[in-house]
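Student: model the following, please.
(2 chains)
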Amino acid sequence: MKTMSSLDFEHLSPGQALPSLAKHVTVEQIRQYAEASGDRNPIHLDETFARSAGLPGVIAHGMLTMAFANQMVTDWLGDRSLLRRLQGRFAGMVVPGDDVTCSGTVASKDEATRRIVINLVVTNQRGEKVFNKGVAEAEFPPQRSTNHAA
Amino acid sequence: MTDTRWVGRSYETAPFQVTEKSIRDYMAAVGDLRDDGDLVAPPTYAMVYGFDAFWQLWTDQEVALDVAHLVHGEQRFSFQRPVRPGDRIRTTGRLTAINTRGDMELVTFELKAVDERDQPVSDGTALFIIRKP
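Tutor: The predicted structure follows:
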């Protein structure tokens, strides 16, 4: 049984904050992401290689951070199929052991298209932005008639 | 410095068969485990079915990007429809720009994914940053 989202387009308003989402990033998760995504670039998997490339060590895939931002939005929407757009800038490296927090705010709402735009940011445990200029856009289904019809 | 004559080169993935296992492996990897009943892939799964286009670019010996110093700088996606098990998706990636900013090289890669009826599934733009060694 599909549960209905508690989100009601009519009651959303700009300025509203989304529930934040916190994630602890581990070497194991980065390996698991590499397997699931196919992206086995050694900068994500091989400590020696990563150092030789001038990095502090292995780094998480940017797309893992974007997946966290994606999850925060779709958990809030209650439906993955509503997302129409997702974008952002990988502003800083995420390394194993980091605690990252995704936050979002409703930036605008368009009644005609039933779309909302959400601004997103992901910060690490030092408050540094690791994902910024984040934007998500979602489109809500047409409003159902409330059966006042004769 | 990458030769700008490769701007315009494109890469197409083989049809990617979306399976329940592939979606669930991805969900487990990113920790996005909410079950809607109707299994819809997280939208960022676009990086999974489209990944081979990235890989072809990164391993193209003629273009010869300095992948050891390449990081993903920005990403944009637009989603035209949800992705479910059973979908067969082809992604075309096109190298559309190579620019320099200071001591960095910026490589723009545009993506377009379609289903077995050539209907749009998603499109996107990746910006890679190559740091000078």
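Student: for the nearest residue to residue B:74 once chain neighbours are set aside, grab the count of nearby residues.
Tutor: Once flanking residues are discounted, residue B:74 sits nearest to residue B:127: 4.0 Å by CB to CB, 6 or more residues apart in numbering or on different chains. Using the backbone N, CA and C atoms, a C-beta is placed for each residue, glycine as well. Residue B:127 has 17 neighbouring residues, counting by other CB atoms under 10 Å in any protein chain shown.
Student: next, the buried residues of the helix or strand containing residue B:127.
Tutor: Applying DSSP states H and E as the criterion places residue B:127 in strand B:120-131. Neighbour-count burial for strand B:120-131 flags B:121, B:122, B:123, B:124, B:125, B:126, B:127, B:128, B:129, B:130 (criterion: 16 or more other CB atoms under 10 Å in any protein chain shown).
Student: give the partner strands of it in its sheet and their orientations.
Tutor: Partner strands and pairing direction for strand B:120-131 (DSSP bridges) are strand B:70-79 (antiparallel), strand B:104-114 (antiparallel).
Student: could those strands go into a markdown table alongside mean pLDDT?
Tutor: As requested, these are exported to a markdown table (pLDDT from 0 to 100):
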| stretch | mean pLDDT |
| --- | --- |
| strand B:70-79 | 96 |
| strand B:104-114 | 97 |
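Student: can you lay out these as CSV showing mean neighbour count?
Tutor: Shown next, in CSV, are the strands paired with strand B:120-131 (neighbours: other CB atoms under 10 Å in any protein chain shown):
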stretch, mean neighbour count
strand B:70-79, 21
strand B:104-114, 19
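Student: would you turn those into CSV with distance to residue B:20?
Tutor: CSV is the format used below for those (distance: least, CB to CB, whole Å):
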stretch, distance to residue B:20
strand B:70-79, 20
strand B:104-114, 19
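Student: nearest spatial neighbour of residue A:46, skipping sequence neighbours?
Tutor: Spatial nearest neighbour of residue A:46, excluding adjacent residues (CB to CB, 6+ apart): residue A:58 at 7.0 Å.
Student: look up how far chain B lies from that neighbour.
Tutor: Distance check for residue A:58 against chain B: by CB to the nearest CB, to the nearest Å, it reads 13 Å.
Student: just checking, that residue touches residue A:52?
Tutor: No - in this structure residue A:58 lies outside contact range of residue A:52 using CB atoms under 8 Å: 11.9 Å.
Student: more neighbours: those two, which one.
Tutor: Neighbour count, other CB under 10 Å: between residue A:58 and residue A:52, residue A:58 has more, with 22 against 13.
Student: now do the contacts for that one.
Tutor: With contacts defined as CB atoms under 8 Å, 6 or more residues apart in numbering or on different chains, residue A:58 is in contact with A:27, A:30, A:43, A:44, A:45, A:46, A:47, A:50, A:95, A:96.
Student: what of residue A:97?
Tutor: Shown in contact with residue A:97 (CB under 8 Å, 6+ apart): A:24, A:25, A:26.
Student: from the contact counts, what lies against the helix or strand containing residue B:56?
Tutor: For residue B:56, the enclosing helix or strand under DSSP H and E is helix B:51-58. Secondary-structure packing of helix B:51-58 (3 or more CB pairs under 8 Å, 6 or more residues apart in numbering or on different chains; DSSP states H and E): strand B:10-12, strand B:88-101, strand B:104-114.
Student: out of those, flag the one nearest residue B:29.
Tutor: Minimum separation from residue B:29 across the helices and strands packed on helix B:51-58 (CB to CB) falls at strand B:88-101, 18.9 Å.
Student: quick one, that closest one and strand B:120-131 angle?
Tutor: Using axes from the mean of the first three to the mean of the last three CA atoms, to 10 degrees, the interaxial angle of strand B:88-101 with respect to strand B:120-131 works out to 30 degrees.
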